[in-house]
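1. 3D, please:
(2 chains)
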Amino acid sequence: MKFLGKNLNNPLVLASGVLGNNKEILERVHKNGCGLVTMKSIGPAPRDGHKNPTVIDLGHGMINAVGLPTPGYAHMEEEWKALEKRNFPLNASIYGGSVKEYQAVAQFVTAKNPDFIEINISCPNSEEHGMIFGVNEKSAFDVVAAVKKVIDQPLIAKLTPQAPDIAKIAKACEDAGADAICAINTAGPGMVIDIEAQMPILAFKKGGLSGPMIKPIAIRCVYDIYKAVSIPIIGLGGVTTGEDAVEMIMAGASLVGIGSGVRYRGINIFNQVNQELNSWLTTHGTTLDKIRGAAHKTNCFQESAQ
Amino acid sequence: MKPVTDQTPIMLKLAHKRIDSANFATLFFDYSLDFKPGQFVMIWIPGMDEKPYTISHHNKSRFGITIEAKGLFSKKAVAMEEGDLMGFRGPFGNGFHTISSSNIAVVAGGCGMAPLAPLVETLDRDIIFIHGARSKEFLLYRHRFDIQRQICTDDGSQGHKGFVTDLLEKEIINRKKTDKQPLEMVYTCGPEIMMHRVFLLCESFDIPCQVSLERYMRCGFGVCGACVCGEQVVCKDGPVFDSKRLRTMDDFNKIALLKSGKPVNMDQYFSWRCQS
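-> Here you go, the predicted model:
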């Protein structure tokens, strides 16, 4: 299939921040049925992230505050060299603390020729990075416009469900030149307190929620964004099965991301979801294009009321 | 129903602390844990940090972890007192694949003895058991097994002065000369450079081996990617890897990721690990 002019094997995307730490693991995820793999977010300066515990499974999803660890864009020469000779489509995720920082990272990364550049304007896990851009239309517009100016690849804006109106943010990104929207980043932030230790489990105390527990939020966000923009959407949040992917596509997604699902079904989740998705389409005698946004059709009640 | 132990930490009181030597202490917790030798748990000291430790002692009602006090966290851990609360998540990882045979060698180096000890307790008593350390003070569990051990130390303070690979090679060659059955499996854990040498030695004699790797970890269940070694996720695919897999792992004994995700050589990695 085609996505923004690039060929992808299938509509599944590896979410940023999951695996994605080196070329070999990205390639393995690709080989396990993922159409588009995303690197861990690249930031402006070396950063260790938070102390552990950083990632905790809650059974119905996960909570994490890893804290955007990154070697820093200027210190990744060997990784980029390895990625030059890749045989899979690559989405490079970037973040910054200011428009200037986003631009500096983007300028560097675009020269390394990934297939897409995703700008993370939505990570809740660091005090100073990214989040502010994603909750305000003007700052979202400014950062997308600034990055768009300096890159050669299609720009994907990754949004947060913490925005008061995510559809408006998506529209601002589209107006600023974004080529696609990726929604959603983790929800919350939430907190889990250990009652014996009498303190939050995460070292950062608060963390983003992901996995099955946030799927209804993700579906609603994608649904709202689909109504507001005409650029394609990568829908993610809690997808672990082919049926989940169908639901996401019906809400309006062109591609479907998977992240926390790796916890529940392993790296092979991509092959499994593809298989389940295709078998659902076959059973229902339909195609991806036909079901995209299908949930937006006027409902029976309204029709009969007219 | 099996209790869920690999999600939010389970808080336990430190039931017993045993000082093994100036460098090592073993912390025991009274908890019945489903476990396979070679697996690890994430140990949480509230307000401090959370780190992976392999289980070194295990029975129906108790498990223990042995800690070498060398970094901030491990020094704090060995300073914990009986009754103090600590959390654990796990067990995680694959554990050793065990075979039933007496033609087995277990090669332990330093605190690499910790994951091997519960394995040794499941194996035949006439296995070859090689145990090395920097000096005699670093030899763990001196009176734990009723299996004969071949000891070596870097400084010659006990046993053979030299490396575990000297003793392993001698054993392999002796077996050839005396028409004894060749080794069918070598299990090893210790410094990565030592395990790499054991692996190469085994390769040259066509003996399969299993090694237990260590990397900086966060989630423990194969999602965050902090511990990747090439395309292998050490916390989930490992920490135990067999010869077949090791042959494909170019980063074995070469590259490990720092906390930032930056890949560095093993010397840089270990000098950072010993401080944190």
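
2. stretch B:93-100 close to chain A?
-> No: if you take Cβ under 8 Å from any Cβ of the partner chain as the test, stretch B:93-100 misses chain A, and the best it gets is 12.3 Å. Placement of C-beta: from N, CA and C, glycine included.

3. in that stretch, what's buried?
-> Using 16 or more other Cβ atoms under 10 Å in any protein chain shown as the test for burial, stretch B:93-100 gives B:93-96, B:98.

4. closest to chain A out of those?
-> residue B:94 (12.3 Å; Cβ to the nearest Cβ).

5. contact partners for the closest one?
-> Listed by Cβ atoms under 8 Å, 6 or more residues apart in numbering or on different chains, the contact set of residue B:94 reads B:36, B:38-39, B:236-240.

6. tell me the phi and psi of it?
-> phi -90, psi -30 (degrees, to the nearest 10).

7. what about residue B:148, how many residues nearby?
-> When neighbours are counted by other Cβ atoms under 10 Å in any protein chain shown, residue B:148 registers 10.

8. nearest residue to it in space, please, no chain neighbours.
-> Spatial nearest neighbour of residue B:148, excluding adjacent residues (Cβ to Cβ, 6 or more residues apart in numbering or on different chains): residue B:129 at 6.8 Å.

9. gap between that neighbour and residue A:98?
-> Going from residue B:129 to residue A:98 by Cβ to Cβ, to the nearest Å gives 59 Å.

10. and what of residue B:189?
-> 46 Å.

11. who has more neighbours, the two?
-> residue B:189 (31 against 15).

12. surely that one meets residue B:209?
-> No: between residue B:189 and residue B:209 there is no contact under Cβ atoms under 8 Å: 10.9 Å.

13. so is the longest strand seen in chain B next to chain A?
-> Of all segments of type strand in chain B, defined using DSSP state E, the longest is strand B:85-92. Yes: interface with chain A: strand B:85-92 contributes B:85, B:87, B:89 (Cβ under 8 Å from any Cβ).

14. that strand pairs with which strands, and in what direction?
-> strand B:10-13 (antiparallel), strand B:40-45 (antiparallel) (DSSP bridges).

15. so how far is the first one off the chain centroid?
-> In terms of Cα atoms, centre = their mean, to the nearest Å, the gap separating the centre of strand B:10-13 from the centre of its chain is 23 Å.

16. list the buried residues of that strand.
-> For strand B:10-13, by 16+ other Cβ under 10 Å, it's B:10-12.

17. what of the longest one?
-> Judged by neighbour count (16+ other Cβ under 10 Å), strand B:40-45 contains these buried residues: B:40-45.

18. got the CA positions of it in CSV?
-> In CSV, the C-alpha atoms belonging to strand B:40-45 read as follows (Å, rounded to 0.1, in the frame of the first residue of the first chain):
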residue,chain,number,x,y,z
PHE,B,40,15.4,-12.4,37.2
VAL,B,41,13.3,-10.0,39.2
MET,B,42,13.2,-6.2,39.2
ILE,B,43,14.0,-5.1,42.8
TRP,B,44,12.5,-1.8,43.9
ILE,B,45,13.8,0.2,46.8
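
19. pull the residues that contact the lowest-mean-pLDDT helix or strand in chain B.
-> Here the helix or strand of chain B ranked lowest by mean pLDDT, DSSP states H and E is helix B:266-273, holding a mean of 92. Applying Cβ under 8 Å, 6+ apart, the external contacts of helix B:266-273 come out as B:71, B:191-193, B:216, B:253-259, B:264.

20. can you give me the pLDDT of residue A:305?
-> pLDDT for residue A:305: 46.

21. nope, residue A:70 is what I was after
-> Taking residue A:70 on its own, its pLDDT is 95.

22. the residue nearest to it when sequence neighbours are not counted: neighbour count?
-> Computed as Cβ to Cβ, 6+ apart, the closest residue to residue A:70 that is not its neighbour in sequence is residue A:43, at 3.9 Å. Around residue A:43 there are 27 other residues, counting by other Cβ under 10 Å.

23. do you know how far residue A:43 is from residue A:119?
-> 12 Å.

24. and for the two, which residues touch both?
-> With Cβ under 8 Å, 6+ apart as the test, residue A:43 and residue A:119 both reach A:94-95.

25. listing request: residues of the chain with sub-threshold pLDDT.
-> Using chain A. Low-confidence segments of chain A, defined by pLDDT under 70: A:123-131, A:299-306.

26. wrong chain, I was asking about chain B
-> Within chain B, the stretches with pLDDT under 70 are B:276.

27. which parts of it sit against chain A?
-> B:4, B:6-9, B:11, B:42, B:44, B:46-51, B:85, B:87, B:89, B:218-226, B:228, B:230-231, B:233, B:236, B:251, B:257-263.

28. before we move on, the earlier item: out of the residues of strand B:85-92 next to chain A, who's nearest residue A:217?
-> residue B:89 (26.1 Å; Cβ to Cβ).
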